[in-house]
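Trainee: Next come a sequence and a model predicted from it.
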Amino acid sequence: MKCPKCQTENREGAEFCKECGEPLQAELICSQCGHVNTQDSKFCDKCGNPLTKPAPASTPEAPPPPNPPPLLVDATR
């Protein structure tokens, strides 16, 4: 099975690309009619609905850095 992202050939039955980690999905299911389409389809070959590939899992954003401590004022002046 060829990876849709990097075109690396992967073993049959693999769920993720061995090169880039992209999920490998053999078929796309039309959200409008439920028809099963091949992975390279851009439109459903039964009803013509545009097919979208699942979005990759996003990584959570890192929390913002802590606020720096306030500057100490020289108390000897």
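Mentor: On my side now, so go ahead. Residues are numbered from 1 along each chain as shown.

Trainee: list the contacts for the closest residue to Ser31 other than its chain neighbours?
Mentor: The shortest distance from Ser31 to any non-neighbouring residue, by CB to CB, 6 or more residues apart in numbering, is to Asn49 (6.9 Å). (Glycine included, C-beta is placed from N, CA and C.) Listed by CB atoms under 8 Å, 6 or more residues apart in numbering, the contact set of Asn49 reads 30-33, 43.

Trainee: helices and strands of this protein: which one bottoms out on pLDDT?
Mentor: strand 27-29 (a mean of 85; mean pLDDT, DSSP states H and E).

Trainee: Given that strand, what are its sheet partners and their directions?
Mentor: strand 36-38 (antiparallel) (DSSP bridges).

Trainee: who touches the partner strand?
Mentor: 26-30, 44-46, 51.

Trainee: And stretch 39-48, how far out from the chain middle?
Mentor: 20 Å (CA atoms, centre = their mean, to the nearest Å).

Trainee: Can you measure across that stretch, start residue to end residue?
Mentor: 15 Å (CA to CA, to the nearest Å).

Trainee: Any buried residues in that stretch, and which?
Mentor: 41, 44 (16 or more other CB atoms under 10 Å).

Trainee: Give me the contacts around it.
Mentor: 4, 25-28, 30, 32-33, 35, 37, 49-51.

Trainee: Looking at pLDDT only, which of these scores worst?
Mentor: Ranked by pLDDT, the contacts of stretch 39-48 bottom out at Ala26 (72).

Trainee: For that residue, list the residues it contacts.
Mentor: 1, 38-39.

Trainee: Could you do Pro4 as well?
Mentor: So, once contact is read as CB under 8 Å, 6+ apart, Pro4 ends up touching 22, 24, 39-40, 53.

Trainee: one more time with 6 Å, if that's ok
Mentor: Pro4 makes no contacts at all, as judged by CB atoms under 6 Å, 6 or more residues apart in numbering.

Trainee: oh, and call the first residue 677 from now on, that's how I've got it
Mentor: Right, with 677 as the first residue, what we last looked at is Pro680.
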